[in-house]
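Undergrad: Mind looking at a prediction? Sequence and model below.
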Amino acid sequence: MKNLIQLWWKFIRWFATLGIMLWVIVLPLMPVYGLLQPWPQAQEKLKEEGFAGLALLIGTSSHSEHSVGSAGGSWRKETQRSYIILPDSLRRWEIVTFSQTEGSGINGVEQVVVRSHWLVPLFVLWILAGVFSVQTIRVWLRKKMPDQVAGGS
């Protein structure tokens, strides 16, 4: 049992370590995806809300659910994209999230823009994840170097 717990803990540590490293790489690539695949409804709504500037995508999500009951079927789909809008987000230290919801209980499409002050914590976490990633890679390389030196002699 103890070995199983140790194996599980080792798996969790590896999974978390690789996840953090992947996040450090993917976060700067998200704006490229957002520029190549813009969401016209989001762009229009952000302009309506008074946001001007370059909208850089930093996160996206989608959720849908379907249910069938005695009263019939129902469905709901929610899609979100979070942006840093330059220069507005740097002045206000805000992340802007556009959310669009459709469903059987909703007339038309609901669109909502939410402002949140998570820009500074996001950057701090991303920098800490980057430092962690660099340190982890350095440790891995140090462990690997003696093997290469011993194998080359």
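TA: Thanks, I have the structure now.
Undergrad: where in the chain is pLDDT low?
TA: 146-153 (pLDDT under 70).
Undergrad: swap the cut-off to 50 and go again
TA: Residue ranges of the chain with pLDDT under 50: 153.
Undergrad: Distance check, the residue nearest in space to the middle of it against Thr97.
TA: Nearest to the mean C-alpha position of the chain, by C-alpha atoms, centre = their mean, lies Gly59 at 4.1 Å. For Gly59, the distance to Thr97 equals 8 Å [C-beta to C-beta, to the nearest Å]. Where C-beta positions appear, they are placed from N, C-alpha and C, glycine not excepted.
Undergrad: Same question for Ser67.
TA: Ser67 is 26 Å from Thr97, by C-beta to C-beta.
Undergrad: quick one, which of these two is more surrounded?
TA: Ranked by neighbour count (other C-beta atoms under 10 Å), Ser67 and Thr97 place Thr97 first, with 20 against 10.
Undergrad: Next one: the more buried one relative to Ser104, how far apart?
TA: Applying C-beta to C-beta to Thr97 and Ser104 gives a distance of 24 Å.
Undergrad: now do Leu54
TA: On the measure of C-beta to C-beta, Leu54 and Ser104 end up 36 Å apart.
Undergrad: same check, this time on Pro31
TA: Pro31 is 34 Å from Ser104, by C-beta to C-beta.
Undergrad: If you count surrounding residues, which of the two has more?
TA: Pro31 (17 against 11).
Undergrad: Quickly find the element holding that one.
TA: helix 2-36 (DSSP states H and E).
Undergrad: What is that helix packed up against?
TA: In terms of contacts (3 or more C-beta pairs under 8 Å, 6 or more residues apart in numbering; DSSP states H and E), helix 2-36 is packed against strand 53-69, helix 119-152.
Undergrad: okay, these in TSV with distance to Trp14 next?
TA: TSV is the format used below for the helices and strands packed on helix 2-36 (distance: least, C-beta to C-beta, whole Å):
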stretch	distance to Trp14
strand 53-69	24
helix 119-152	11
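Undergrad: Tell me which of the ones you listed is the most buried.
TA: Compared across the helices and strands packed on helix 2-36, strand 53-69 shows the largest average neighbour count, a mean of 14 (mean count of other C-beta atoms under 10 Å).
Undergrad: Output the helix or strand just after it in PDB with nothing but the alpha carbons.
TA: Later in the chain than strand 53-69, the nearest helix or strand by DSSP H and E is strand 72-87. Extracted in PDB, the C-alpha atoms of strand 72-87 (Å, rounded to 0.1, in the frame of the first residue of the first chain):
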ATOM      1  CA  GLY A  72     -38.700  17.100 -22.400                       C
ATOM      2  CA  GLY A  73     -35.100  17.900 -23.300                       C
ATOM      3  CA  SER A  74     -33.100  21.000 -22.600                       C
ATOM      4  CA  TRP A  75     -29.700  22.200 -23.500                       C
ATOM      5  CA  ARG A  76     -27.300  25.000 -22.700                       C
ATOM      6  CA  LYS A  77     -23.900  26.000 -24.200                       C
ATOM      7  CA  GLU A  78     -21.600  28.700 -22.700                       C
ATOM      8  CA  THR A  79     -18.400  29.900 -24.400                       C
ATOM      9  CA  GLN A  80     -15.900  32.300 -22.900                       C
ATOM     10  CA  ARG A  81     -12.800  34.100 -23.900                       C
ATOM     11  CA  SER A  82     -10.600  36.200 -21.600                       C
ATOM     12  CA  TYR A  83      -8.600  39.100 -22.900                       C
ATOM     13  CA  ILE A  84      -5.900  41.600 -21.900                       C
ATOM     14  CA  ILE A  85      -6.800  44.700 -23.900                       C
ATOM     15  CA  LEU A  86      -3.900  47.000 -24.600                       C
ATOM     16  CA  PRO A  87      -3.500  49.700 -23.400                       C
END
